[in-house]
Structures are given as structure tokens and as C-alpha cells.
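Asker: What follows is a protein structure lacking sequence information:
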């Protein structure tokens, strides 16, 4: 595995790797997984999937300032490049791209990628500008790496929907691969921010996965509606004293359009049940996709 910090060096290495593998194997497929770093088993599962499906695997580690608001945790976001490099190599990466901010943004950027409508709800509503930063940096990374496949975890289902949308709208020739959310043995969705939780916050945060599991049973009740389901989930989360709800929302997926509160469940269309809740200073998200 090679660690690379310069854009032009990465491009040169990938060009040579494609050429060398093409000579020996014919068609060459490049898989890519962009990350903020501070890797956990969820990241590693994506790298392993890319390793199974692709000839060359590239991972990027870049804490992107454009997707953090002025009061968010950019400076405090956990970083450990040495540990991340070891985990990426263990999972099967060929190249890890670790640019600094000046490499990605050598001058103040005057161009951003903005996805409308899909970013008006969920995390987009409470984190204005966040998805503009995500869409911009992912577009830049796609242009740098030029992958055939890119792997994203469904824990941030809105992010996946946004990336699928601009990839399609801008005719970027990359297949977006949705990957299942990985969870701790007790059900908590894996996240780099879990390290911020103290013991009691960590214990109470389990209410997120428990409420999503319970939602499946509630949906089977004959008189259950979207409005009743949202209320039931909200009440269950509020039973955890430290939980401060940002949102409990049910939307279509991947269109992220509102579902009327009186609408019953009929098992025909995919819906997203999405949660964002703070425990102490740590904001966690979780979700599940069901058929309504």
C-alpha cells in the first residue's frame, strides 16, 4: 500500500497502475472510498467490499472544512493518520490519499456543487451548507481518482441520495455502491463521533437503534400511520433522559419527499425513517429504510 499526499502524484500512480494491470488482466476496475478518517470497522467493511469487487482500491482521508459549520467540530474532529493507514492496509487498500487543506483548496474556492431540494431537509436543514461542502469535495475527489465504483455507507442515507443525484445530473461516470450500516454488537451504528460519548451517553444512545427496530413492529399494526409512527418513535427516544432530538422524520427514498402524516403503510414504496439526536455534545444520526 502507498500513502500519497499530492494530487498529481496520485493521478500518475493510478494511471500507471491501470496501464500495468490492463496489460496483464484486460479491463481494470478502480474502487474508491472517501472518508474523513478516524476509521472503524464500518469503514473497513467498505474497503473490503471494494477489494472483492475491484482491481485497484483507493481510500482518501480528508477532513473537509467546507462541510463543517462555524460552530461545528472541524478542529476537534478525531484524527489519527498512522492508525488509519494501518487499518486501510489491513482491509486491502492499494493507495491512501491524504491531502492537506492547501492541496485540495490552494486558493479560496469560487466554485461549489449545490444539490437542490434533497438538501432542504434532515441534516441539510440543521446544518446549512453542509451538503454543498460534501458535494463539492466528492466531485473534486471523483475528478482526481476517476473511479469506476465509489462506496458509501447507508448510515448517512441523505448523503448517499445527494451523491447519487449530482453524479447522475453531472454525468460523472462512477457507479455509487450503497453499503449496509455496520453496528456495534449492542446495535449502536458505528461512527467516528462515538468516541465523544461518555459511558452514560453511550448507554442511552442505544435508544436510536432500538426505536428503529421497534418501528418495524409498529408498522405492522393495522391502524398505524406515518404520523403515529413518528410520534411513537419520538416518545421512545424521549424516554432516554439525555436525548435531545434534532429530528425524527419519515420521507420517501431516495427522493426525500414528505410522506403525509395520515398515510397508512401498504408495503409498496421505500421510505426512510431517519433520526438525529444529541447526547451531551455529540450529535448522532441513524436510519432504516422500510417499505411503506
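Answerer: Yep, it's here. Here the structure is a predicted model, which means the values were calculated and not measured. Numbers count the residues shown, from 1 in each chain.
Asker: Now do the buried residues in stretch 201-221.
Answerer: Within stretch 201-221, the residues that count as buried by 16 or more other CB atoms under 10 Å are 201-202, 204-205, 207-212, 215, 219. For every residue, glycine as well, the C-beta is placed using N, CA and C.
Asker: Residue 70: which of the residues you listed is nearest?
Answerer: residue 201 (24.4 Å; CB to CB).
Asker: Residue 151 in helix, strand or coil?
Answerer: strand (DSSP: H, G, I helix; E, B strand; the rest coil).
Asker: who's in contact with residue 26?
Answerer: Counting by CB atoms under 8 Å, 6 or more residues apart in numbering, residue 26 touches no other residue.
Asker: Just the pLDDT for it.
Answerer: Residue 26 carries a pLDDT score of 74 in this model.
Asker: Distance of it relative to residue 146?
Answerer: Separation of residue 26 from residue 146 (CB to CB, to the nearest Å): 18 Å.
Asker: quick revisit: among the buried residues of stretch 201-221, which are in helices?
Answerer: The helices, defined by DSSP state H, take in 201-202, 204, 207-212, 215, 219 from the buried residues of stretch 201-221.
Asker: Could you find the lowest-pLDDT member of those?
Answerer: Lowest confidence among these: residue 219, with 89.
Asker: Please verify my assumption that it contacts residue 229.
Answerer: Yes: in this structure, residue 219 is within contact of residue 229 by CB atoms under 8 Å, at 6.4 Å.
Asker: where's residue 229, which helix or strand?
Answerer: Using DSSP states H and E, residue 229 sits in helix 226-238.
Asker: How about the backbone phi and psi for residue 43?
Answerer: In terms of degrees, to the nearest 10, the main-chain angles of residue 43 are phi -60, psi -40.
Asker: can you pull the contacts of it?
Answerer: By CB under 8 Å, 6+ apart, the contact set of residue 43 is 33, 35, 87, 91, 153.
Asker: change it to 6 Å
Answerer: residue 35 (CB atoms under 6 Å, 6 or more residues apart in numbering).
Asker: what mean pLDDT does stretch 280-292 have?
Answerer: The pLDDT scores in stretch 280-292 average 91.
Asker: For the one helix or strand residue 52 maps to, list every residue counted as buried.
Answerer: Using DSSP H and E, residue 52 sits in helix 41-53. For helix 41-53, the neighbour count (16+ other CB under 10 Å) marks 42-51 as buried.
Asker: right, and the helix or strand after that helix?
Answerer: As assigned by DSSP H and E, the chain's next helix or strand after helix 41-53 is strand 56-61.
Asker: what residues does that next one touch?
Answerer: 17, 30-35, 37, 50-51, 84, 88, 93-98, 141, 145.
Asker: So which of those belong to helices?
Answerer: 17, 50-51, 84, 88, 141, 145.
Asker: if I look at residue 12, how far off is residue 62?
Answerer: 19 Å.
Asker: Please apply the same query to residue 278.
Answerer: Distance from residue 278 to residue 62, by CB to CB: 25 Å.
Asker: what does residue 218 give?
Answerer: For residue 218, the distance to residue 62 - CB to CB - is 40 Å.
Asker: for the stretch 151-292 of the chain, what spans make up the strands?
Answerer: 175-179, 243-252, 270-279, 282-291 (DSSP state E, counting those that start in this stretch).
Asker: Out of the ones you listed, flag the one nearest residue 66.
Answerer: Shortest distance between residue 66 and the strands of the stretch 151-292 of the chain, using CB to CB, is found for strand 282-291: 18.5 Å.
Asker: What are the boundaries of the strands in the stretch 1-150 of the chain?
Answerer: 2-4, 30-35, 56-61, 95-97, 149-153.
Asker: elements contacting the second one?
Answerer: On a contact count with 3 or more CB pairs under 6 Å, 6 or more residues apart in numbering; DSSP states H and E, strand 30-35 meets helix 41-53, strand 56-61, strand 149-153.
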